[in-house]
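S.K.: Sharing a sequence plus its predicted fold:
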Amino acid sequence: MKNHHLRRIWNLLLTTVLMIVFCLPVISQAAEPDGSTDIGERIEAFVEEHEDTMAGLMVSVSDRKGEIYTGYFGYADMENHVPVEHETVMEWGSISKIQVWICVMQLKEKGLIDLDEDIRTYLPEGFFTRLKYEKPITMTDLMNHKAGFDEVPFVWVGSEERLKSLEDWLKCTEPAQVYEPGVIASYSNWGAALAALIVQRVSGQPYEEYVREYIFVPLGMEHTSIMPDASDNEWVMNKRKELKTYSDDLSGEVLSYGDYYAYCYPAGACMSTMEDMQKFAQALLDENSALFESPETHRELLSPTDYYGDTGIGRSYHGLCYNVFMKGTVIGHPGGTVGCSSALWIDIENGICITLITNQHEESTFVNGLPELVFERYEGHLPEFEGTVQDARAVYTGPLKLQRVFGMQSVTTDPSQIVHARYTLSDENGICRLEAGQSDLIVRETGEILPDIISIAVYILSLLMSAVLFIIAVVQILRHGRRGLSLWSMVSAGMQLIPLIVMYRVIVQLVFEQAPFLEIEKLRLLFVPVFALLMADIALIIYGIKNHSRSGISKARNVLTLITLALSTYGIIYWELFEFWRVGIC
């Protein structure tokens, strides 16, 4: 009996020792300095706190050793209660650009691309038709979003039949060069897609085939597609059809697969499971991953190519952007499509990363909130500044340039207040700007923005005058049967609404990015009536002057009508609304 108790005590002690020994590796892995010990609990608590604003979410946290936590929450289809799970496919959005830059670095490693070479070396002769500066554009400029290109806003198409080849789309939508290369950061989907075309030409393979052979296959990413219609992976295509997407506040139009495709697919069309996305992010942490032949190339990819002013703080890391909201060196990319929002961030110092995707358009609660559970928030001070700034990422030429007004804002900073975002004030190359993320905010003097403000005020005045004249003309025709100048005034005034209707339709598309999408050909046709109006305005002004009435009231109405026509004509010319041929050449 006594020996039996001794054996039980001995077995218990031996079992305890063995449990401690076998648990030591797990405890060691969990006790990383990155604070990931309870990351799963914190993510789940955050999701529970905000679940009322969530459709679906998949998130993964990894370090150099492997996965730490992966979670799937909510619904891929809320109406039919289809849960998000490990086979759910969602869209990466602009995180896809990281693949472009990896391809570029792979070709650099093979000696096929020089990052500091004029990119015209790798493109067909005469490819560019709208360059303004003699200074060459380099691949580094494309990586830093400093090629100087104007914004190309319409990157979505509403039908698969309207998709174009990558080269055709780039030629069709070539933007004007509005900044000197290497000076102003202006985020460009077009520039990233151009880099993908260079990969395609240098490698001799279609871009999607190159990505599959040198990224997806080596990393074991079997459930990932890069083409806009997912035609390169049938499994992904079928799974994507099961996903429904929603607005940020879960209201409004629900967009289904097939409602939209990305023209510039290398810049934002990748879609996959979370498992594949996590493999991709972890490869960015591992300098011995299959992405490159040499660890040196991997280290170069994660080194700065652009800095915040003279601070020595990296701003762009060969296409990956610095996260201005986090402390330390956290780099990666956010992403967004018409239906999904995403983020991929890696802390290259502590070796930890987070990837996440939601099936909500312009979602911010989880895209911004979850990384803060993994990385330490930045705390600092803004530079002292007061003035008006204008987003460098805007349309500055052609009939869509009214968009630049929407990127204008008045800014006043308080250097004594702690903030959680890094901004730098720079006047390098004689252009004063606030630097943040991958686009500058250019400081504008009053004299620079005054013409825009005056033009808008003038057009609003012409609309009000047109409305009054239209009503007066209708009343005179109905009451007195007078035609002639009354009919002329009514037609002249009513026609001034055409630019307003056209720009309203364009602005809705620019701001909300919802189906049905304006395609390049339709967009160009939209400006035909504006051009016709300009010609009609000129003809009506000539008619009004020739038929100038001498009676008091009629003379006053005639003069006001002529002024209205003149103001409208000024607005059309100032905003270049008639230059519809500058919106693509397809």
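M.R.: All right, it came through fine.
S.K.: In the chain, which helix is the longest?
M.R.: Longest helix in the chain, counting residues (DSSP state H): helix 446-480.
S.K.: counting contacts, what elements does the very next helix or strand once past that one pack onto?
M.R.: Going down the chain from helix 446-480, the next helix or strand is helix 485-495, by DSSP states H and E. Contacting helix 485-495 under the criterion 3 or more CB pairs under 8 Å, 6 or more residues apart in numbering; DSSP states H and E are the following elements: helix 446-480, helix 528-546, helix 552-574. C-beta here means a position set from N, CA and C on the backbone, and glycine is covered the same way.
S.K.: just the angle between the first one and helix 552-574, please?
M.R.: For helix 446-480 against helix 552-574, the angle between stretch directions is 140 degrees (axes from the mean of the first three to the mean of the last three CA atoms, to 10 degrees).
S.K.: Buried deepest among the helices and strands packed on helix 485-495, which one?
M.R.: helix 552-574 (a mean of 18; mean count of other CB atoms under 10 Å).
S.K.: tilt between that one and helix 528-546?
M.R.: Going by the same axes, to 10 degrees, helix 552-574 makes 140 degrees with helix 528-546.
S.K.: For residue 508, give me phi and psi.
M.R.: phi -60, psi -40 (degrees, to the nearest 10).
S.K.: Correction: the previous question concerned residue 527.
M.R.: The phi/psi pair for residue 527 (degrees, to the nearest 10) reads phi -90, psi 0.
S.K.: ok, now how distant is it from residue 173?
M.R.: For residue 527, the distance to residue 173 (CB to CB, to the nearest Å) stands at 15 Å.
S.K.: what's near enough to touch residue 119?
M.R.: Residues in contact with residue 119 (CB atoms under 8 Å, 6 or more residues apart in numbering) are 136-139, 142, 194, 198.
S.K.: swap that for residue 141, please
M.R.: 147-148, 181-182.
S.K.: Tell me which helix or strand it sits in.
M.R.: Using DSSP H and E, residue 141 falls in helix 139-143.
S.K.: gap between the following helix or strand past that helix and the chain center?
M.R.: Counting by DSSP H and E, the next helix or strand C-terminal to helix 139-143 is strand 156-157. The chain centroid and the centroid of strand 156-157 are separated by 14 Å under CA atoms, centre = their mean, to the nearest Å.
S.K.: So the residue nearest to residue 579 when sequence neighbours are not counted: helix, strand or coil?
M.R.: Among residues not flanking residue 579 along the chain, residue 399 sits closest, at 5.2 Å (CB to CB, 6 or more residues apart in numbering). On the three-state scheme (DSSP: H, G, I helix; E, B strand; the rest coil), residue 399 is labelled coil.
S.K.: Might one say that residue 288 is in contact with residue 295?
M.R.: Yes: between residue 288 and residue 295 there is a contact at 6.0 Å, judged by CB atoms under 8 Å.
S.K.: Let me see the domain layout of this structure.
M.R.: Structural domains annotated on the chain: 58-374, 386-447, 448-582, as defined by automatic domain parsing.
S.K.: Would you map the helices across the stretch 1-150 of the chain?
M.R.: 2-30, 39-50, 97-109, 139-143 (DSSP state H, counting those that start in this stretch).
S.K.: quick one on the thing from earlier: between the contacts of residue 119, which sits nearest residue 60?
M.R.: Looking at the contacts of residue 119 and their distance to residue 60, the nearest is residue 142, at 29.3 Å (CB to CB).
S.K.: That closest one - how many residues pack around it?
M.R.: The number of residues packed near residue 142 is 27, by other CB atoms under 10 Å.
S.K.: That one against residue 197, yeah?
M.R.: No: between residue 142 and residue 197 there is no contact under CB under 8 Å: 10.7 Å.
S.K.: So residue 500, which state does it fall into?
M.R.: Residue 500 ends up helix, using three-state DSSP.
S.K.: dump the residue contacts of the closest residue to residue 314 other than its chain neighbours.
M.R.: Counting by CB to CB, 6+ apart, residue 314 lies nearest to residue 304, which is 3.1 Å off, once chain neighbours are set aside. Residue 304 sits next to 314-317 when contact means CB under 8 Å, 6+ apart.
S.K.: tell me the two of those residues that are most distant?
M.R.: Farthest pair in those, by CB to CB: 315 and 317, 8.4 Å.
S.K.: and the helices and strands packed on helix 485-495 as a markdown table, adding mean pLDDT and distance to residue 205?
M.R.: Compiled in a markdown table, the helices and strands packed on helix 485-495 are given as follows (pLDDT from 0 to 100; distance: least, CB to CB, whole Å):
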| stretch | mean pLDDT | distance to residue 205 |
| --- | --- | --- |
| helix 446-480 | 86 | 46 |
| helix 528-546 | 83 | 40 |
| helix 552-574 | 81 | 47 |
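S.K.: Save these as TSV, and put in distance to residue 66 too.
M.R.: What follows is these, written out as TSV (distance: least, CB to CB, whole Å):
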stretch	distance to residue 66
helix 446-480	53
helix 528-546	58
helix 552-574	59
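S.K.: what about stretch 205-223, start to end distance?
M.R.: The first and last residues of stretch 205-223 sit 21 Å apart, counting by CA to CA, to the nearest Å.
S.K.: Show me what that stretch is in contact with.
M.R.: With CB under 8 Å, 6+ apart as the criterion, stretch 205-223 contacts 87, 89, 99, 102-103, 106, 166, 196-197, 199-200, 203, 224, 226-227, 232-233, 235-236, 239, 265-266, 272-273, 275-276, 279-280, 283, 289-291.
S.K.: What's the mean pLDDT across it?
M.R.: Average pLDDT, stretch 205-223: 98.
S.K.: Also stretch 305-312?
M.R.: 90.
S.K.: quick one, what contacts residue 465?
M.R.: Counting by CB under 8 Å, 6+ apart, residue 465 has contacts 493, 560, 563-564, 567.
S.K.: low pLDDT regions in the stretch 301-450 of the chain?
M.R.: Within the stretch 301-450 of the chain, no stretch has pLDDT under 70.
S.K.: the strands in it, which residues?
M.R.: Ranges of strands within the stretch 301-450 of the chain are 306-307, 314-317, 320-322, 330-336, 341-347, 352-358, 360-361, 386-391, 408-412, 424-426, 433-436, 439-444, based on DSSP state E, counting those that start in this stretch.
S.K.: So which of the contacts of residue 141 is surrounded by the most neighbours?
M.R.: Among the contacts of residue 141, residue 147 has the most neighbours (other CB under 10 Å), with 27 neighbours.
S.K.: Which pLDDT does the model give it?
M.R.: At residue 147, the predicted lDDT confidence score is 98.
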